[in-house]
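**Student:** Next comes the sequence, and after it the predicted model I'd like to discuss.
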There are 2 protein chains.
Amino acid sequence: MATSDLSKDLAPIVSNTMADMVEIRLREYLKRKSFRPGDALPKELELAEALGVSRNVLREALSRLRMLGMIETKKKRGMVLARPDILGTFERVLDPLIIDTGTLQDIFELRLVLEMGLADLLYIRKTDKDIQELEAIAKKEVNVDNTFRIKTEIAFHGKLYEMSGNDTLKRFQIMLLPIFDYMVAVEQQPTRGDVTHMDLVQILKNGSKEDFKRGMESHLKPHFDRLK
Amino acid sequence: MATSDLSKDLAPIVSNTMADMVEIRLREYLKRKSFRPGDALPKELELAEALGVSRNVLREALSRLRMLGMIETKKKRGMVLARPDILGTFERVLDPLIIDTGTLQDIFELRLVLEMGLADLLYIRKTDKDIQELEAIAKKEVNVDNTFRIKTEIAFHGKLYEMSGNDTLKRFQIMLLPIFDYMVAVEQQPTRGDVTHMDLVQILKNGSKEDFKRGMESHLKPHFDRLK
DNA sequence: TTTTTTGATTATGTACTACAAATGAAATTT
DNA sequence: AAATTTCATTTGTAGTACATAATCAAAAAA
């Protein structure tokens, strides 16, 4: 194992600051008391006193939970538990410039895996209207400038995710786009598989799910060929 | 569109608190100045003064970035930009009890999509040693009590993710496990496909990638059949 | 001269007080 | 009874003070 894995295997034993501990304790508290979205929380002073910390420290911890959308506060009404947007938090740290190359590669592969697995959902939920729209997108890209190639790529594959009928999946894909772009930009020559977007549309129209899976595999083959 | 989508389409125009704004401004600042991991940041008082807020508010924002692992601080040395653990942040909000049912369903499907798309990575990276270990796992579950069925499920599919050679993917799967368990537990009768774990192992040994994809599809078919 | 020790310095961590702003509830007026 | 005003309460922000710990440099010892 390389040294980079060490930090993943060995989490620090204790959290350094009080705010860290308070955050953990608050999470435990919310779980233990099985608070549900909408439930009101004790006020800051009570929490601070119960935890034996200053209101300052407590508010640092609360600020974190608030950022994640776990709690919402109003001036006099106090705090209530809320439903966090699970992807919103993800988005905050998804910057290709910050992520290490290993993880970048992992995410690139993750995207490929999603794309390959998408077929099953697609063949459950695709509609004629969807396919028509997808075809329109594919048609527009026939004589497009190379500068816009990435844009059309995004539009086409984005539509595929949309057709999956899974909002979370679609948002997730949108979120991963910058990573994907970054990785593709790093590649030297433009990658193009033997199966074009229009081919995929035709398969969706008339072909079987297995046909589509094979088609998608050919379409993404240049990317897979780079993997080891 | 249902009302639940409105909040996703229409984000609030202004962030309520100063801490929210400071968090945003700090992110912009880090990006604009293209700080890299390891770079030192100005000290709290300077930042607070520059932003025109109290040190208190600034620290609430910093606390958030610290939670995400974007910055690290030491007593006198000051703050340095760090590499956030992209999945660690995700984990914090992934609680089946908090997530709404729609998103739960989405994540359940996401897991299925991943599982189906895994084959391509597996056939690039699988080793004989991996397959032996996987077979050992599959053998152990032949006469296992129904209580432990879920555990063996986890072990087997977990090993598959491990064989993908993609750490992020594996961690992601581990993270989604509670959701998956929850959803499976909600299902009434235990789902079992026609293709067993042992069958999948045999396919990995001798079969083609397409065989494996078909096998996995049959294995997960009961889950897919519940989708609409 | 080199090493060790000591101490000053400095940035973060925590506590506390004070007040502003908002808002729900109670009291008052019509 | 309805509308208005006042009051009380809770979060949001500012500012001060001090604790803590890490760094660097100077002083002392070898």
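**Tutor:** Okay, I see it.

**Student:** Model confidence for the residue positioned nearest the centre of chain A, exactly?
**Tutor:** Among the residues of chain A, the one closest to the centroid is A:Phe172, at 3.2 Å (Cα atoms, centre = their mean). pLDDT, A:Phe172: 95.

**Student:** Which helix or strand lies directly C-terminal to whichever helix or strand A:Tyr182 is part of?
**Tutor:** In this assignment (DSSP states H and E), A:Tyr182 forms part of helix A:167-186. Following helix A:167-186 in sequence order, the next helix or strand is helix A:197-206 (DSSP H and E).

**Student:** any idea how far the closest residue to A:Lys228 other than its chain neighbours lies from A:Gly215?
**Tutor:** Excluding its sequence neighbours, the residue lying closest to A:Lys228 (Cβ to Cβ, 6 or more residues apart in numbering or on different chains) is B:Ile124, at 7.4 Å. C-beta here means a position set from N, CA and C on the backbone, and glycine is covered the same way. B:Ile124 sits 19 Å away from A:Gly215, going by Cβ to Cβ, to the nearest Å.

**Student:** interface residues of chain A facing DNA strand C?
**Tutor:** Proximity of chain A to DNA strand C, by Cβ under 7 Å from any atom of the strand, involves residues A:16-19, A:52-57, A:74-77.

**Student:** now do 10 Å
**Tutor:** Taking Cβ under 10 Å from any atom of the strand as the contact definition, chain A meets DNA strand C at A:15-22, A:45, A:48-49, A:51-61, A:74-78.

**Student:** got the contact list for the residue nearest to A:Lys228?
**Tutor:** For B:Ile124, the contacting residues are A:224, A:227-228, by Cβ atoms under 8 Å, 6 or more residues apart in numbering or on different chains.

**Student:** looking at those residues, which has the most residues close by?
**Tutor:** Tallying neighbours with other Cβ atoms under 10 Å in any protein chain shown puts A:Phe224 at the head of these, with 17 neighbours.

**Student:** between the contacts of B:Ile124, which is closest to A:Asp39?
**Tutor:** Using Cβ to Cβ, A:Leu227 is the member of the contacts of B:Ile124 that lies nearest A:Asp39, at 47.1 Å.

**Student:** Can you get me a residue count around A:Tyr147?
**Tutor:** To be clear, residue A:147 is Thr; Tyr isn't right here. Neighbours of A:Thr147 under the rule other Cβ under 10 Å: 7.

**Student:** scratch that, A:Met183
**Tutor:** Counted with other Cβ under 10 Å, the neighbours of A:Met183 add up to 19.

**Student:** Over to A:Asn56?
**Tutor:** Neighbour tally, A:Asn56, other Cβ under 10 Å: 13.

**Student:** Repeat that for A:Lys151.
**Tutor:** Around A:Lys151 there are 12 residues (other Cβ under 10 Å).

**Student:** Same question for the one 10 residues further on.
**Tutor:** Using other Cβ under 10 Å, the number of residues around A:Tyr161 comes to 21.

**Student:** Would it be right to say that it lies in a helix?
**Tutor:** Yes: A:Tyr161 forms part of a helix when assessed by DSSP: H, G, I helix; E, B strand; the rest coil.

**Student:** Please report the distance of it from A:Arg171.
**Tutor:** As judged by Cβ to Cβ, A:Tyr161 and A:Arg171 stand 9 Å apart.

**Student:** Mind pulling up the pLDDT for the closest residue to A:Glu187 other than its chain neighbours?
**Tutor:** Spatial nearest neighbour of A:Glu187, chain neighbours left out: A:Arg226 (7.3 Å); criterion: Cβ to Cβ, 6+ apart. On pLDDT, A:Arg226 comes in at 86.

**Student:** does chain B sit close to stretch A:98-106?
**Tutor:** Yes: Stretch A:98-106 is in contact with chain B by Cβ under 8 Å from any Cβ of the partner chain, via A:98-100, A:102-103, A:106.

**Student:** Of the residues you listed - the most surrounded one?
**Tutor:** Neighbour counts for those peak at A:Asp106, which has 24 neighbours (criterion: other Cβ under 10 Å).

**Student:** out of everything not next to it in sequence, what's closest to that residue?
**Tutor:** Nearest residue to A:Asp106 in three dimensions, chain neighbours excluded: B:Thr168, at 3.5 Å (Cβ to Cβ, 6+ apart).

**Student:** from memory that neighbour sits against A:Phe108, does it?
**Tutor:** No: using Cβ atoms under 8 Å, B:Thr168 is not in contact with A:Phe108; the gap is 9.9 Å.

**Student:** Which parts of chain A are helices?
**Tutor:** According to DSSP state H, chain A carries its helices in the segments A:6-9, A:18-32, A:44-51, A:55-67, A:86-91, A:101-125, A:128-140, A:149-163, A:167-186, A:197-206, A:209-226.
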